[in-house]
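In: make a model of this:
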Amino acid sequence: MPGRKPLCGLTQNKYEILKFLVKNGPATIAEISRATGISLPTTRRIIADLLNRGLIDLAGKKEIQGRGRKPMTYSITTAGIGLLKECASALQAVVAPA
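Out: Numbers count the residues shown, from 1 in each chain. Reported below is the predicted structural model:
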């Protein structure tokens with residue numbers, strides 16, 4: 001459920017965005033929003049929070065055809081990867097048979 005916090009202290013949406021960046025590499029906010037199904041305003045807010053927490057970083061500008069501003073791309077940091085690994089371990093401990 002969106003908004004619920006898994007054991008690692010991330011909301012489901014933040015967890016999904018971090019997982020997306022690990023799997024797919026650097027991406028724009030629009031790409032992340034489309035792929036995860038999270039609304040664009042919510043994705044923007046989450047990206048700002050993850051940047052402030054040091055879990056993601058700016059990866060550069062995406063090359064596009066034509067005119068207009070080039071969108072920024074974001075990538076997961078080693079701290080973000082470490083937190084995802086911590087989440088996976090915590091979730092395995094919960095669902096592992098006794």
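In: other SSEs contacting the helix ranked longest in the chain?
Out: When the chain is parsed with DSSP state H, its longest helix is helix 78-95. Helix 78-95 sits against helix 12-24, with contacts defined as 3 or more C-beta pairs under 8 Å, 6 or more residues apart in numbering; DSSP states H and E. For every residue, glycine as well, the C-beta is placed using N, CA and C.
In: ok now the helix it packs on, how far from the chain's centre?
Out: Helix 12-24 sits 4 Å away from the centroid of its parent chain (C-alpha atoms, centre = their mean, to the nearest Å).
In: give me the contact list for it.
Out: Outside helix 12-24, the residues within contact range by C-beta atoms under 8 Å, 6 or more residues apart in numbering are 1-4, 6, 8, 10, 27, 32, 35-36, 38, 42-43, 46-47, 49-50, 55-56, 74-76, 80-81, 83-84, 87.
In: now it: mean pLDDT?
Out: Per-residue pLDDT over helix 12-24 has a mean of 94.
In: list the buried ones in it?
Out: Using 16 or more other C-beta atoms under 10 Å as the test for burial, helix 12-24 gives 13-18, 20-21.
In: cool, and stretch 37-49?
Out: Applying 16+ other C-beta under 10 Å to stretch 37-49 flags 38, 43, 46-47 as buried.
In: now the residues you listed as JSON lines including secondary structure and pLDDT?
Out: Compiled in JSON lines, the buried residues of stretch 37-49 are given as follows (DSSP: H, G, I helix; E, B strand; the rest coil; pLDDT from 0 to 100):
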{"residue": "Ile38", "secondary structure": "coil", "pLDDT": "97"}
{"residue": "Thr43", "secondary structure": "helix", "pLDDT": "98"}
{"residue": "Ile46", "secondary structure": "helix", "pLDDT": "97"}
{"residue": "Ile47", "secondary structure": "helix", "pLDDT": "97"}
